[in-house]
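Enquirer: I'd like to go over a predicted model; first the sequence, then the structure.
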Amino acid sequence: MKFIAVLFALALMSSAQAESTLKTVKSKGQLVCGVSQGLPGFSTPDSKGKWSGIDVDVCRALAAAIFGNSEKVKFVSLSAQSRFTALQSGEIDILSRNSTYTLTRDSSLGLNFAPVIFYDGQGFMVRKSSKIKSAKQLNGATICTQQGTTTELNLSDYFRAQRMKFKPVVFESNDETVQTFFKGRCDAYTTDTSGLAAERTKAPKPDDFIILPEVISKEPLAPAVRHGDDQWFDIVTWTIYSLMEAEELGITSMNVDKMKKDKDPRIKRFLGVSEGNGQALGLDEAWAYNVIKQVGNYGEIFDQHVGKNSPLKLARGQNALWTEGGLHYAPPLR
Ligand SMILES: N[C@@H](CCC(=O)N[C@@H](CS)C(=O)NCC(=O)O)C(=O)O
């Protein structure tokens with residue numbers, strides 16, 4: 001009986017994989033997007049359940065590219081531990097949840113990572129009153145962190161390399177991790193530095209906490225899709241590149257209509273005035289126009305959620321375009 005159930009599950013899985021994700025998404029009439037449980041700046045629901053953040057905007061951009069309507073997204077909140085299974089099982093069409101692009105996630109977990117949406121690195125937060133100024137002073141510390149993350153792994157690598165000891169306090173839920181730290185049970189809290197800035201906003205008195213200067217890892221955060229559907233991977237990939245390309249070309253949600261009359265062939269191609277890109281991806285020629293009109297370019301999204309117009313006030317740093325000394329670089333959209 002068990003054997004038949006396994007066979008049945010396998011048959012279901014392979015038929016889910018055989019069906020094109022684009023077709024499935026279109027027939028559902030919405031994109032199902034896996035996000036975090038609540039990380040300010042990346043994905044967080046307001047009191048009415050409306051989601052916002054960089055990771056959320058990636059999915060809205062994808063819905064704009066596919067449906068011409070950025071609202072056609074259902075958000076599913078996932079813990080760090082459950083996120084990859086949700087993608088593998090077909091529960092979600094895309095995972096857009098501050099996930100670090102790593103070799104084993106790409107290979108053993110059967111995922112394809114889209115372009116990096118946020119270059120990050122892991123850091124530590126401590127209470128100001130502790131007088132700790134450097135991660136090197138954390139020998140013997142109790143450290144709060146979240147299960148199923150690269151954070152957990154880097155933490156032990158770092159302490160081993162520094163020949164220091166620590167006591168991990170690990171939780172599945174984000175809230176439990178952070179609240180335990182705020183209540184004083186841990187000497188330090190560790191995660192991606194963007195996450196530290198985000199979580200600090202939740203503290204009763206954010207100024208009581210400081211982020212230490214050491215960045216101990218590379219955390220390129222990128223959306224992911226399942227192996228086995230190249231067209232879907234292409235659509236996700238180029239939708240993300242369209243956000244960066246628009247910023248490079250000076251196209252914003254405010255000027256995109258005016259830009260349609262621009263004579264620059266790159267802008268004409270980008271906005272579908274000169275046709276071809278849409279057809280190549282299996283989308284409407286206005287796909288990138290819809291993305292920028294409805295969601296904005298990368299710089300607009302960054303400033304609104306994590307940059308200068310947000311409570312996080314993160315600098316562009318590595319997240320600037322390559323033309324500004326940063327790492328974001330879209331290959332030619334032609
Ligand atoms: N980038 C790391 C860490 C990702 C992660 O889940 N970080 C936690 C701590 S900032 C988080 O996002 N929690 C939010 C949540 O669970 O809703 C990874 O991919 O493993």
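Expert: Thanks, I have the structure now.
Enquirer: going forward, measure contacts and count neighbours with C-alpha atoms only.
Expert: OK.
Enquirer: Do a quick rundown of the helices in the stretch 201-334 of the chain.
Expert: 230-249, 256-259, 265-270, 277-281, 287-294, 298-305 (DSSP state H, counting those that start in this stretch).
Enquirer: Out of those, which one sits most buried?
Expert: helix 287-294 (a mean of 26; mean count of other CA atoms under 10 Å).
Enquirer: other SSEs contacting that one?
Expert: On a contact count with 3 or more CA pairs under 8 Å, 6 or more residues apart in numbering; DSSP states H and E, helix 287-294 meets helix 54-67, helix 230-249, helix 256-259.
Enquirer: Now with 6 Å, please.
Expert: Judged by 3 or more CA pairs under 6 Å, 6 or more residues apart in numbering; DSSP states H and E, helix 287-294 is in contact with helix 54-67.
Enquirer: and the helix it packs on, which residues are buried?
Expert: 54-67 (16 or more other CA atoms under 10 Å).
Enquirer: want to try CSV for those, with distance to the ligand and pLDDT as columns?
Expert: CSV is the format used below for the buried residues of helix 54-67 (distance: CA to the nearest ligand atom, whole Å; pLDDT from 0 to 100):
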residue, distance to the ligand, pLDDT
Ile54, 13, 98
Asp55, 11, 98
Val56, 13, 98
Asp57, 16, 98
Val58, 16, 98
Cys59, 16, 99
Arg60, 19, 98
Ala61, 21, 99
Leu62, 21, 98
Ala63, 22, 99
Ala64, 25, 99
Ala65, 26, 98
Ile66, 27, 98
Phe67, 27, 98
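Enquirer: and which of the residues you listed is nearest Gly282?
Expert: Nearest to Gly282 out of those is Ile66 (CA to CA; 9.1 Å).
Enquirer: so who does the residue most central in space within the chain touch?
Expert: Centroid-nearest residue in the chain: Asn98, 3.7 Å away (criterion: CA atoms, centre = their mean). When contacts are counted by CA atoms under 6 Å, 6 or more residues apart in numbering, Asn98 is found next to Leu221.
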